[in-house]
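Asker: show me the folded form of this:
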Amino acid sequence: MRADANALLLQSVAQTVDALSFTQSHVIDEDFRAHSRATIDSVRSLQREQRGRIDNAYGPRPLSCNALAAQLAATYRGEAAALEMAKENRNSNNVNNNNNNNNVDPTVVVTGHMTHSQCQAFKKEMKQRIHEWERAFRDEHGVAVTAHDKAALRHVYELYKAAKNRLRDTESPRNGSSEQPVTDRDASQEQQYHPQQQQQQGRRGGGEQQQQQQPQQPLHGMYNGSTGDRRGEATSGGLQLNSFSANQHETGGSAGFTAPATVTSSANGVRPSSTSSSQTRGAPVSQMSNEDLATEKRYLKRILHHFESEFEQQNGHAPTKNDRRAFTREYTRYGELKNEIQRRSENMNVRGSNGNVGTSTAAVENGEQPTGDVAATATTTSISATTTPGMTTTTTTTTSTNGIGL
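Answerer: Predicted coordinates:
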């Protein structure tokens, strides 16, 4: 009995010595296979290469851009169809000259049942899915997505825009408290910037009573969305936006949209001054005439183009999305004006197909008034007053009433 115990002990000691000796020269892998330490590096390299070939041949693969596009369209097919039907219903009511109060906003049809947080989550998810498809398209074709490529997902983009507009409309009352009208301090600044205008106003004399009947013109640094153009003038402190005095007297309109007075140059690029924080939105685009839409759109396009070119000259690259945040209101307003011009052009084309005269987008953008059933009336009043010998100031007030039939 004692001899058996000694034999077992000696056997255990021998196995332990063998194991220690073996581990000094060999390695046990995760498959419980023993490999010599001298060749373990090459063995592991071959194993990784073999696993890579297996994954490439039989492993999971990312979806193609076409598959992602089909998946994206299928995910939002119901909401996109509801939005399209609401738009068609509104257009048919406009063609039939129905009461506009019966028209339902397509945005409300799709997102009206959502709370603010639900609409935010819906918009965020759509944005992620759209960016995923655009990334896959860029990786597969080597070029960025163009407007022609987006045409297949037009309903998805329109749905995303509807959700974005819903959030913007619900958030606009919150920003309304910070939007203040022009104060007396702004008026005093206007007097400092335009001393010549004050002298001319003092010399007008008898014509002053007639001019009081005209709409009040916007002060310096404020842009009236329907009173004409603004011109950029380079100054030492940045880009000074001065108004055309003559154009302001030539064109009348309702006060509304305000733009930043000064665009200041800095080391990081072009950014608006503090006056841009007090800018307010203009009148609703649906209530503006074609001429006012075209005038304000041209002005905003000139501002944004100057900002982008100035930024690219100073920084050596085009402005990114973060760089454009200072001009978010201008970009948003420009998009509203552009969409309204496009919508009116489409409505006029629909009326033209029913036997009426249509209006192209170029005509609307040029401020041309439609003819035929879509007539417009205009009243022009000219006032002349003699200021100094040999100098006559002519003020023209134009009031346009557009029968657009919306």
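Asker: so where's the stretch 151-300 of the chain shaky on pLDDT?
Answerer: Low-confidence segments of the stretch 151-300 of the chain, defined by pLDDT under 70, span residues 172-282.
Asker: let's see it at 90
Answerer: 151-152, 154-155, 158-159, 161-288, 291-293 (pLDDT under 90).
Asker: pLDDT score for residue 334?
Answerer: On pLDDT, residue 334 comes in at 90.
Asker: I'd assumed it was in a strand, is it?
Answerer: No: looking at residue 334 with DSSP: H, G, I helix; E, B strand; the rest coil, it is helix, so not inside a strand.
Asker: count the residues that sit near it.
Answerer: Residue 334: 18 surrounding residues under other C-beta atoms under 10 Å. C-betas here are computed from N, CA, C, even on glycine.
Asker: that one against residue 304, yeah?
Answerer: Yes: between residue 334 and residue 304 there is a contact under C-beta atoms under 8 Å: 6.5 Å.
Asker: assign residue 32 to helix, strand or coil.
Answerer: Classified using three-state DSSP, residue 32 is coil.
Asker: which phi and psi does residue 26 have?
Answerer: Dihedral angles of residue 26 (phi, psi; degrees, to the nearest 10) stand at phi -130, psi 160.
Asker: and it, how many residues sit next to it?
Answerer: 14.
Asker: bridging residues for it?
Answerer: Assessed by DSSP bridges, residue 26 has beta-bridge partners residue 36.
Asker: didn't it look like it was pressed against residue 34?
Answerer: Yes: in this structure residue 26 lies within contact range of residue 34 using C-beta under 8 Å: 4.8 Å.
Asker: and stretch 326-339, what's buried?
Answerer: By 16 or more other C-beta atoms under 10 Å, the buried positions in stretch 326-339 come out as 326, 327, 329, 330, 333, 334, 336, 337, 338.
Asker: just stretch 44-51 next, same as before
Answerer: For stretch 44-51, it's none, nothing buried (16+ other C-beta under 10 Å).
Asker: what's the mean pLDDT across it?
Answerer: 89.
Asker: same question for stretch 74-89.
Answerer: Averaging pLDDT along stretch 74-89 gives 84.
Asker: can you show me the strands along the protein?
Answerer: 26-28, 34-36, 230-235, 238-243, 262-266, 269-272, 376-388, 391-402 (DSSP state E).
Asker: list the contacts of the first one.
Answerer: Strand 26-28 is contacted by residues 34, 35, 36, 37, 40 when judged by C-beta atoms under 8 Å, 6 or more residues apart in numbering.
Asker: check stretch 147-154 too.
Answerer: 69, 72, 73, 130, 133, 137, 157.
Asker: check stretch 75-92 too.
Answerer: 73, 103-106, 109-110, 126, 129, 155-156, 158-159, 162, 346-347, 350.
Asker: which among the residues you listed end up buried?
Answerer: 103, 105-106, 109-110, 126, 129, 155-156, 158-159, 162, 347.
Asker: of those residues, just say which sits nearest to residue 3.
Answerer: Residue 3 has its nearest neighbour among the buried ones among the contacts of stretch 75-92 in residue 129, at 78.7 Å by C-beta to C-beta.
Asker: OK, contacts around that closest one?
Answerer: Contacts of residue 129 by C-beta under 8 Å, 6+ apart are 72, 75.
Asker: could you tell me the model confidence score at it?
Answerer: 92.
Asker: from here on, count from 4
Answerer: New numbering, starting at 4: the last item is residue 132.
Asker: can you tell me how far it is from residue 138?
Answerer: Separation of residue 132 from residue 138 (C-beta to C-beta, to the nearest Å): 11 Å.
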